[in-house]
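1. Sequence unavailable; structure follows:
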């Protein structure tokens, strides 16, 4: 197999870092923050910068204990330098996504050679979910990076004969697990422990526990994770119960958060999220590299299988399911797909199988694109729901994607495997960039247009109110806290346990009293259906000064 294994590892890392980093930065600030999730993870670091308190996470001034603060700290550090604009708010995610691709390359090269590693990294960067999550400032990319870095360090330790290097990999494993814990909680221990423990148990490899630096590693882990948890517990007596019991066990075991989905949900999400790359029967079939024993080959294949299947089963059994939760299994899946593509590239697997995969990707992509145009015109609720999301998608905006699919079809008939693989990569690149700009015209939930309108006339003493709901991006785009009337939602724990929040988290009756008594301007953000039934107190008449989507901006009429 021709794979140029002599080419330096570091050179590949630098080239991949530049190429993938530049690709992921294209159009990074082209659209507003997604609500509620992305805006939430911009508001949290904004609060840290505004208050100077880097210990207690807050949203709109309300303590928020659902997740640890590592990602907020990284975001705050960047925003302190570059501000809260969309490009700066997402650059941390791009950097971590790029590092995830580099880790994928490193493990692919370790297990199956240089070409497999390069293709694996490219698959992750150009897949729908890999690219899509790189554009969103949420916890899923950082926690996936750290979880997979932990597992990868363990696997790398099994592939070195150097005692000192083996110890270094083990210690880095504990560091990565601690960083995952500081990003999203106990999942940073559970997923790596599940995969590594199962691999040790299935192969009766208990001797590894003696060499894995358990005592020293535990000290390192606690040194990283314990300080914040201890300080939070001292500052907030109810923190540990809410954080560990409610946010970990209750979320996993109950339907309280109303994020239920069928058992096959993450299987479907994974299959679509990997497009244009298709899972086929040729998985876990790879070349035996120089120095590998049959036992080691079998062990690596079992490890990859556990790395994919066990987290999939874990997330599928949860009662709380969201699309990005499954992202940690994409790294090992991309290693497997990268190896499969390398076998096609070098004519070890028949071209016919690659053509089948390519045509399957074309068919699925075409169906998805056609659905954006045909489903909205269907009668009934389905058409109405789809049209709300896809009404601004035109055939013209989809044309680059159709052209790239046509090129794949041409290459599948006329070209050899390398060109067909590169054409599939082109579909991922074109789809990602096109979708990023298309999405900018579809987001009618953002508050940015109305917040920009208000910013032009807003004075420091003016009252800004979110009435009957809460827009996560409102304090972000106004760069100030707002009064919230008639809503607590996910801030209910902070509202109930911190009485000072009652000054700005108020009932609707309290709002009308304040509005009537205020000598300053009062501005109200409200959904249009809620506005239809508003009372009209004598000294607080509101009139509309702006609308975007279903959100109105209203102003108190001054005498």
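-> All right, it came through fine. The structure displayed is predicted, hence computed values, not measured ones.
2. Contacts only, for residue 550.
-> 444, 527-529 (Cβ atoms under 8 Å, 6 or more residues apart in numbering). All C-beta atoms are positioned from the backbone trio N, CA, C, and that covers glycine.
3. 7 Å instead?
-> Shown in contact with residue 550 (Cβ atoms under 7 Å, 6 or more residues apart in numbering): 527-528.
4. any idea where the helices of the stretch 251-400 of the chain begin and end?
-> Under the criterion DSSP state H, counting those that start in this stretch, the stretch 251-400 of the chain contains helices at 251-253, 265-273, 294-317, 330-345, 351-374, 381-390, 395-414.
5. Throw these into a markdown table and include mean neighbour count, thanks.
-> Formatted as a markdown table, those follow (neighbours: other Cβ atoms under 10 Å):
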| stretch | mean neighbour count |
| --- | --- |
| helix 251-253 | 15 |
| helix 265-273 | 17 |
| helix 294-317 | 17 |
| helix 330-345 | 26 |
| helix 351-374 | 16 |
| helix 381-390 | 13 |
| helix 395-414 | 16 |
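6. Relative to residue 203, which of those helices is closest?
-> Closest approach to residue 203 among the helices of the stretch 251-400 of the chain is made by helix 294-317 (6.3 Å; Cβ to Cβ).
7. give me the element residue 115 is part of.
-> helix 114-126 (DSSP states H and E).
8. Residue 219: which of the helices of the stretch 251-400 of the chain is closest?
-> Across these, closest to residue 219 is helix 294-317 (Cβ to Cβ), at 26.6 Å.
9. Show me what the helix holding residue 115 is packed against.
-> helix 9-25, helix 86-112, helix 330-345, helix 417-440 (3 or more Cβ pairs under 7 Å, 6 or more residues apart in numbering; DSSP states H and E).
10. just the ones you listed: most buried one?
-> helix 330-345 (a mean of 26; mean count of other Cβ atoms under 10 Å).
11. Run the chain-centre distance for that helix.
-> Offset of helix 330-345 from its chain centre (Cα atoms, centre = their mean, to the nearest Å): 22 Å.
12. what packs against that helix?
-> Looks like helix 330-345 contacts helix 86-112, helix 114-126, helix 294-317, helix 417-440 (3+ Cβ pairs under 7 Å, 6+ apart).
13. Adding distance to residue 238, write the ones you listed out as TSV.
-> Formatted as TSV, these follow (distance: least, Cβ to Cβ, whole Å):
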stretch	distance to residue 238
helix 86-112	30
helix 114-126	40
helix 294-317	28
helix 417-440	39
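14. Figure out which of the ones you listed is closest to residue 44.
-> Closest among the helices and strands packed on helix 330-345, once you apply Cβ to Cβ, is helix 86-112, at 11.2 Å.
15. which helices and strands sit right next to that closest one?
-> helix 9-25, helix 70-82, helix 114-126, helix 128-134, helix 140-158, helix 330-345.
16. Residue 463 is nearest to which of the helices and strands packed on helix 114-126?
-> Of the helices and strands packed on helix 114-126, nearest to residue 463 by Cβ to Cβ is helix 86-112, at 26.8 Å.
17. Now do the closest one and helix 114-126, the angle between them.
-> Compare the direction of helix 86-112 with that of helix 114-126 by axes from the mean of the first three to the mean of the last three Cα atoms, to 10 degrees and you get 150 degrees.
18. Let the chain start at 678 from now.
-> In the new numbering, first residue 678, that becomes helix 763-789.
19. Check the offset of helix 763-789 from the chain's centre.
-> 13 Å.
20. all helices of the stretch 1078-1227 of the chain, in order?
-> 1094-1117, 1125-1132, 1151-1155, 1169-1174, 1185-1194, 1205-1208.
21. Going by neighbour count, which residues in the shortest one are buried?
-> In other words, helix 1205-1208. The neighbour-count check on helix 1205-1208 (16 or more other Cβ atoms under 10 Å) flags residue 1208 as buried.
22. For it, give me every contacting residue.
-> Helix 1205-1208 is contacted from outside by 1144-1145, 1227, 1229, 1231, using Cβ under 7 Å, 6+ apart.
23. again, only using 10 Å
-> 1144-1146, 1163, 1201, 1219, 1221, 1224, 1226-1229, 1231 (Cβ atoms under 10 Å, 6 or more residues apart in numbering).
24. Determine how far it lies from the middle of the whole chain.
-> 32 Å.
25. pLDDT of that helix, averaged?
-> Averaged over helix 1205-1208, pLDDT sits at 92.
26. ok, back up a step: looking at the helices of the stretch 1078-1227 of the chain, which is nearest to residue 881?
-> Using Cβ to Cβ, the helices of the stretch 1078-1227 of the chain put helix 1094-1117 closest to residue 881, at 39.1 Å.
27. thinking again about what came up before, tell me what angle the helix holding residue 792 forms with helix 686-702.
-> 20 degrees.
28. what's the angle from helix 791-803 to helix 1094-1117?
-> 20 degrees.
29. Now that we have the helices and strands packed on helix 763-789, can you turn them into a markdown table and tack on mean pLDDT?
-> Output for these, formatted as a markdown table (pLDDT from 0 to 100):
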| stretch | mean pLDDT |
| --- | --- |
| helix 686-702 | 95 |
| helix 747-759 | 96 |
| helix 791-803 | 96 |
| helix 805-811 | 96 |
| helix 817-835 | 97 |
| helix 1007-1022 | 94 |
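30. do you know which of these lies nearest residue 1041?
-> It's helix 805-811; of those, that one is closest to residue 1041 (Cβ to Cβ) at 10.5 Å.
31. which helices and strands does the closest one pack with?
-> helix 686-702, helix 763-789, helix 791-803, helix 817-835, helix 942-950, helix 1007-1022, helix 1094-1117 (3 or more Cβ pairs under 10 Å, 6 or more residues apart in numbering; DSSP states H and E).
32. Tell me which of these approaches residue 894 most closely.
-> Using Cβ to Cβ, the helices and strands packed on helix 805-811 put helix 817-835 closest to residue 894, at 10.6 Å.
33. Check which residues of the closest one are buried.
-> 817-834.
34. picking that back up, most neighbours out of the contacts of helix 1205-1208, which is it?
-> With neighbours taken as other Cβ atoms under 10 Å, the top of the contacts of helix 1205-1208 is residue 1201, carrying 25 neighbours.
35. residues contacting that residue?
-> Per Cβ under 10 Å, 6+ apart, neighbours of residue 1201: 1140-1145, 1160, 1162, 1188, 1192, 1208, 1211, 1217, 1219, 1221-1222, 1229-1233.
36. redo that, cut-off 8 Å
-> 1142, 1144, 1219, 1230-1233.
37. Which of the residues you listed fall within strands?
-> Of the contacts of residue 1201, the ones assigned to strands by DSSP state E are 1142, 1144, 1219, 1230-1233.
38. in the protein, which helix or strand is least confident?
-> Between all helices and strands in the chain, the lowest mean by mean pLDDT, DSSP states H and E belongs to helix 1058-1067, at a mean of 53.
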